[in-house]
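S.K.: Structure here, sequence nowhere to be found:
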């Protein structure tokens, strides 16, 4: 479609304002859907669309009044409707230098002539609604103006704006864009058989209805059609990628030789859970398949995902292949490395850790070992995907906490070799429908049970004094405690406690105990020393930042105190809580919050109510949005405008079913009836060419 600036009334200057909203063309404008709606019909049957303070009134002008005041100028108009209800309307103008030279209300006086019929939209002057017949006017329209029907007397769209644009202007430009689109009679992008199957509105009809609906039913029909379109496009892109993935058979194979896996299992000192056994079998079956593995392993905090991943990496090592585990933070990577060293001590499997903090000489040694194949396993952060990291025979990649990496970052690791088996892990459960839609080539394994002996964690909100009292009680019993703060150092811009300052205070609060501190700016050697001392009970209280969120396993720790808990997301709170309750003793998580907004109160309430990571994951997705949870926000793959993948599960399911039918009949969308759909698909995904190739 044409450039936006060629719409009447826009031009280059106003086009710049639209660009702030990422609207560059008429097509972009048409797909910039309203943020919300107001019911501006007379005697609106659904006032639920409108905030309580909003008044929509159509009346005849009785009289007007001009009131000069010291600092402001006031204009009042008194209206009466057909039921003889009266409304007092007020406009304010601040006095400015030279304002006495002209009448700031000249246009109002011209429009509000005696007996003129006017629509007014405004807010009640008194917040307690005592004066329902008095409003401050935000918009008004003369009933005799043909364009008034776009703004009043209807369900009216309200758009997200930027400074310099008004909703009145936006609606006027949208009307022009709709007329231009309808005049061009561009083809509907939905394949005809799907549009007929689902009985959806046509494309132009849906666009007009979502912007200017005649009824709430029509609005929902239009939104459903546009949501379906968004879901179908994304699901189809992943479906095509899945097809390409299946065509690319591996040129290598795995055999279970048992000279590493069997002694590993025997040396563990504990049995796998039934859930771990099931998932390990699924993964090993995938690895022995002729096609590359692409599997998501999801499991709650403490369910044993690391042991499962290490089992897969040992199968790779048994067959002479290299494997890599990528973690989102240095401390997690280092913790995985220490765990691997401990579990592999008797097996003599060469393993290394590579992060941005790895010293130059050590880094050179590791890079050489990866390049010549003498290092079988490597654990690291984003440092693993740097250009100078070369592998000799990389065949398996494991990505921990996958939602913290973007699709492109995950893809860069896969680019390190021609063929690669991929295992991604998350503690944030993803509903199967979403996995099918957004990871079309992904199989899902779920760890459904915790290792035996785990104790439930009692979680509650409390003040600092109560938290300190609990710490004292538990440490006197021989237990240990964590105290977590959101910052390393105090910040003028952020109102939150910092670990360095609070550590000194806590040493005075607990002079009888041994305290130590841990944060991300410490060197690797310092971190290892602190963690070893805490794990061996040389220290009683670990005061830390959220770097301990994952990977720390100290069964004797029974207290987790999270300071400024309102500053943490649900997933982080649940992960931090998971650092305790790992042994035989009853454990506690105390949330200390200072500034509780409504969202913070909701998060804290959820954490206190349940320890079920799957329930928490669902609520987290609702609060934060699926893009962040699935790790796709930065790649632009989940920026839905009409659809809500949590509320629109039935529409999403239709899209998945129809995607499968479409690609079964026309795998590369070569049918001329699918040309418009294919063109739109390419347009949307041209920034992500690594996902699809429709040439």
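M.R.: Sure, I can see it. Here the structure is a predicted model, which is why all the values come from computation and not from measurement.
S.K.: contacting residues for residue 322?
M.R.: 316, 370, 373, 375-378, 391-396 (Cβ atoms under 8 Å, 6 or more residues apart in numbering). C-beta: built from backbone N, CA, C; applies to glycine.
S.K.: Give me the contact list for whichever strand or helix holds residue 528.
M.R.: Per DSSP states H and E: residue 528 is located in helix 524-535. Contacts of helix 524-535 with the rest of the structure, by Cβ under 8 Å, 6+ apart, involve 330-331, 334-335, 338, 355, 357-358, 480, 516-518, 522, 539, 542, 547, 552-554, 557.
S.K.: Centre of the chain to the helix or strand following it, how far?
M.R.: Sequence order places strand 541-544 as the next helix or strand after helix 524-535, per DSSP H and E. Taking the mean of its C-alpha atoms, strand 541-544 sits 30 Å from the chain's own mean (Cα atoms, centre = their mean, to the nearest Å).
S.K.: Give me the sheet partners of strand 541-544 and which way each runs.
M.R.: strand 480-484 (parallel), strand 515-518 (parallel) (DSSP bridges).
S.K.: part of a helix, is residue 419?
M.R.: No - according to DSSP: H, G, I helix; E, B strand; the rest coil, residue 419 belongs to no helix; its state is coil.
S.K.: so it makes contact with residue 397?
M.R.: No - counting by Cβ atoms under 8 Å, residue 419 stays clear of residue 397, with 11.2 Å between them.
S.K.: Looking only at neighbour counts, state which of those two leads.
M.R.: With neighbours defined as other Cβ atoms under 10 Å, residue 419 and residue 397 compare such that residue 397 has more, 25 against 14.
S.K.: hey, what's the more buried one bridged with?
M.R.: Beta-bridge pairing of residue 397 under DSSP bridges involves residue 324, residue 422.
S.K.: Could you measure from it over to residue 75?
M.R.: Computed as Cβ to Cβ, to the nearest Å, the residue 397 to residue 75 distance reads 68 Å.
S.K.: For the stretch 251-400 of the chain, which segments count as helices?
M.R.: 261-267, 274-288, 305-318, 330-343, 360-372 (DSSP state H, counting those that start in this stretch).
S.K.: for those, which one sits closest to residue 653?
M.R.: helix 274-288 (24.1 Å; Cβ to Cβ).
S.K.: Quick one: list the elements packing against that closest one.
M.R.: strand 294-299, helix 305-318, strand 421-426, strand 443-447 (3 or more Cβ pairs under 8 Å, 6 or more residues apart in numbering; DSSP states H and E).
S.K.: May I have the residues that are in contact with residue 658?
M.R.: Here residue 658 is in contact with 194, 197, 198, 232 (Cβ under 8 Å, 6+ apart).
S.K.: list the contacts for the residue nearest to residue 380 when sequence neighbours are not counted?
M.R.: What sits nearest to residue 380 in space, not counting adjacent residues and going by Cβ to Cβ, 6 or more residues apart in numbering, is residue 354, at 3.9 Å. Residue 354 sits next to 363, 366, 378, 379, 380, 381, 383, 384, 389 when contact means Cβ under 8 Å, 6+ apart.
S.K.: For those residues, work out which two are farthest apart.
M.R.: 363 and 379 (14.1 Å).
S.K.: More neighbours: which of the two?
M.R.: Shown here are residue 363 and residue 379; by other Cβ under 10 Å, residue 379 has more neighbours (28 against 19).
S.K.: Which strand residues bridge the more buried one?
M.R.: Bridge pairing for residue 379 - DSSP bridges - gives residue 325, residue 353.
S.K.: tell me the pLDDT at the residue of the chain positioned farthest from its centre?
M.R.: In the chain, the greatest distance from the average C-alpha position (Cα atoms, centre = their mean) is reached by residue 114, at 54.2 Å. Looking at residue 114, its pLDDT stands at 94.
S.K.: So what does it have for phi and psi?
M.R.: Here is the backbone geometry of residue 114 (degrees, to the nearest 10): phi -50, psi 130.
S.K.: so who does it touch?
M.R.: By Cβ under 8 Å, 6+ apart, residue 114 lies in contact with 61, 62, 63.
S.K.: ok, now residue 191?
M.R.: 662, 671, 673, 674, 677.
S.K.: Also residue 210?
M.R.: Residue 210 neighbours (Cβ under 8 Å, 6+ apart): 33, 34, 219, 222, 223, 226, 642.
S.K.: In which helix or strand does the fifth one reside?
M.R.: Right, the one you point to is residue 223. helix 216-247.
S.K.: what about that helix, average pLDDT?
M.R.: Mean predicted confidence for helix 216-247 is 85.
S.K.: and the angle for it with strand 294-299?
M.R.: Orientation check (axes from the mean of the first three to the mean of the last three Cα atoms, to 10 degrees): helix 216-247 against strand 294-299 gives 120 degrees.
S.K.: residues near residue 103, how many?
M.R.: Using other Cβ under 10 Å, residue 103 is surrounded by 13 other residues.
S.K.: again, but for the one 5 residues further on
M.R.: When neighbours are counted by other Cβ under 10 Å, residue 108 registers 19.
S.K.: Now it. Nearest residue, chain neighbours left out?
M.R.: residue 75 (5.5 Å).
S.K.: Next, the buried residues of the helix or strand hosting the one you found.
M.R.: Applying DSSP H and E as the criterion places residue 75 in strand 72-80. Using 16 or more other Cβ atoms under 10 Å as the test for burial, strand 72-80 gives 73, 75, 76, 77, 78, 79.
S.K.: again, but for stretch 281-298
M.R.: Those would be 282, 283, 284, 286, 287, 292, 293, 294, 295, 296, 297, 298, for stretch 281-298 by 16+ other Cβ under 10 Å.
S.K.: hmm, which two among those residues are most spread apart?
M.R.: Maximum pairwise distance among the buried residues of stretch 281-298 (Cβ to Cβ): 19.8 Å, between 292 and 298.
S.K.: Checking residue 676 next. Helix, strand or coil?
M.R.: Here residue 676 is recorded as helix under three-state DSSP.
S.K.: Give me the helices and strands touching the biggest strand by length in the chain, please.
M.R.: When the chain is parsed with DSSP state E, its longest strand is strand 54-68. Applying 3+ Cβ pairs under 8 Å, 6+ apart, one finds that strand 54-68 contacts strand 36-39, strand 72-80, strand 86-94, helix 106-111, strand 117-124.
S.K.: mind listing what's buried in the first one?
M.R.: Buried positions in strand 36-39, judged by neighbour count with 16+ other Cβ under 10 Å: 37, 38, 39.
S.K.: Please apply the same query to the fourth one.
M.R.: For helix 106-111, burial by neighbour count (16+ other Cβ under 10 Å) applies to 108, 111.
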